[in-house]
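S.K.: got a predicted model here, sequence first, then my questions.
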Amino acid sequence: MKRLIAVTAIAALAVALWPADTMAGPTVDAIKKRGKVICGVNGNRAGFSALDSKGQWQGMDVDTCKAIAAAVLGDKNKVQFSKTTTQTRFTALQTGEIDVLTRNVTWTLGRDTKLGIDFVAPTFYDGQGFMVNKKTGAKSVKDLGGATVCVLPGSTSEKVTSDVFKANGLKYTAVVIENKKELNTAFFGGRCDVHVQSTSGLSSARATVAPNPADYILLPGVYGKDPMGPVVRQGDPQFKDIVAWTVYAMMEAEESGVTSKNVDEMKKSKNANVARLLGNKDKLGEALGLDNDWAYRIIKQIGNYGEVFERNVGQNSPLKLPRGINDLWTRGGLLYSPPFK
């Protein structure tokens, strides 16, 4: 028994002293071997993942992928984007075709428990909204009695439409269209009065499809809960932690006042929380199997969460979304990073 205890203790010590990089999980090993992170994206949602006029990928989901690459490989540009659909997105992740899904995917219990995948940290809190042409004169959903509503069959939007109209004692006519592109065309072409989708989806469609975006408004109110964020395969806790803390690093940076522009100066900060975040205290990177500058690189190359939000979907972007519930908890929003300790 004494010999067994001694052998166990030696083995435990060996594991504790083993270089973190050699303990990398299968996903990180694959990423380092090929030299890039492969992310599954929507590819057609402006503000989240889409090609710009120069053929460059842009959007919040794109920046999440680049942040992971900055953390693991040291360079935000060591990425590859794979377009996925609602039918192929989970299969691509399950089969290893992609490393991580950054595709405005809503976190639900069923998906989290039945598909062999893990949601790690929401990057955008959303819900269903109602969009109309200003010409309707509608100021709220209570003004939509008798309206025609464009919806996708079997979607969250279809259910929300039914629930909201019923709750307000209103009648409506559903215009059911199976293809989202055709649905957008139908709405902006005047075939129906109301477009129902996630508020981010509506804002993206308004910015990219509407003949004159200024003619359309989102009515007050968000219905249901659509927390969206990156998704990884189950069974690789190291990569799950890396993706989660990559997201949290951008949130913590904003809360601590660290930006892509001042991060080099802030690296000299005596503040303990900032020092831990930027790798000058407690060597937190080792716990992730990374070096201690992993978060510094994310912030330097990508920016904090606020910078990512504003350039992609904020008031200075075509989507012009308010921070709202996607603001820091200190300002009344839902964004909250666990402590960097």
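M.R.: Happy to help now that I have it. The model shown is predicted, which means the values in this text are computed figures rather than measured ones. Numbers count the residues shown, from 1 in each chain.

S.K.: strands along the stretch 51-200 of the chain, start to end?
M.R.: 57-58, 79-83, 100-101, 117-119, 124-133, 147-151, 172-176, 194-198 (DSSP state E, counting those that start in this stretch).

S.K.: if you count contacts, what does the longest one end up packed against?
M.R.: Using 3 or more C-beta pairs under 8 Å, 6 or more residues apart in numbering; DSSP states H and E as the contact definition, the elements that strand 124-133 packs against are helix 156-167, strand 194-198, helix 199-208, strand 216-218, strand 223-228. (C-beta placed from N, C-alpha, C; glycine too.)

S.K.: thought V209 was touching F188?
M.R.: Yes: counting by C-beta atoms under 8 Å, V209 does reach F188; the two are 5.7 Å apart.

S.K.: these two: which is more packed in?
M.R.: Neighbours were counted for V209 and for F188 using other C-beta atoms under 10 Å; F188 has more, 22 against 14.

S.K.: tell me, how many residues neighbour the closest residue to the more buried one other than its chain neighbours?
M.R.: Among residues not flanking F188 along the chain, A210 sits closest, at 5.2 Å (C-beta to C-beta, 6 or more residues apart in numbering). Applying other C-beta under 10 Å, we find 17 residues neighbouring A210.

S.K.: next: D264.
M.R.: Neighbour count of D264, defined by other C-beta under 10 Å: 12.

S.K.: in terms of pLDDT, where does it sit?
M.R.: Per-residue pLDDT puts D264 at 97.

S.K.: please shift the residue numbers so they start at 34 in all later answers.
M.R.: With the count now opening at 34, the last piece we talked about shows up as D297.

S.K.: please name the spatially closest residue to it (chain neighbours excluded).
M.R.: Spatially, and ignoring its direct neighbours in sequence, D297 is nearest to K333 (7.5 Å; C-beta to C-beta, 6+ apart).

S.K.: and that neighbour, its phi and psi?
M.R.: Dihedral angles of K333 (phi, psi; degrees, to the nearest 10) stand at phi -60, psi -40.

S.K.: how far away is it from S293?
M.R.: 6 Å (C-beta to C-beta, to the nearest Å).

S.K.: which of those two has more residues huddled nearby?
M.R.: A count of neighbours by other C-beta under 10 Å puts K333 above the other of K333 and S293, at 19 against 16.

S.K.: hang on, the earlier thing: ok, which of the helices and strands packed on strand 157-166 comes nearest S82?
M.R.: helix 232-241 (10.1 Å; C-beta to C-beta).

S.K.: circling back to that earlier point, residues touching the residue nearest to D297, list them.
M.R.: Shown in contact with K333 (C-beta atoms under 8 Å, 6 or more residues apart in numbering): A103, S293, V296, D297.

S.K.: dump those residues into JSON lines; add secondary structure and distance to K303 as well.
M.R.: Converted to JSON lines, these look like this (DSSP: H, G, I helix; E, B strand; the rest coil; distance: C-beta to C-beta, whole Å):
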{"residue": "A103", "secondary structure": "helix", "distance to K303": "25"}
{"residue": "S293", "secondary structure": "coil", "distance to K303": "21"}
{"residue": "V296", "secondary structure": "helix", "distance to K303": "16"}
{"residue": "D297", "secondary structure": "helix", "distance to K303": "15"}
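
S.K.: against D259, how distant is V209?
M.R.: Distance of V209 to D259, computed by C-beta to C-beta: 21 Å.
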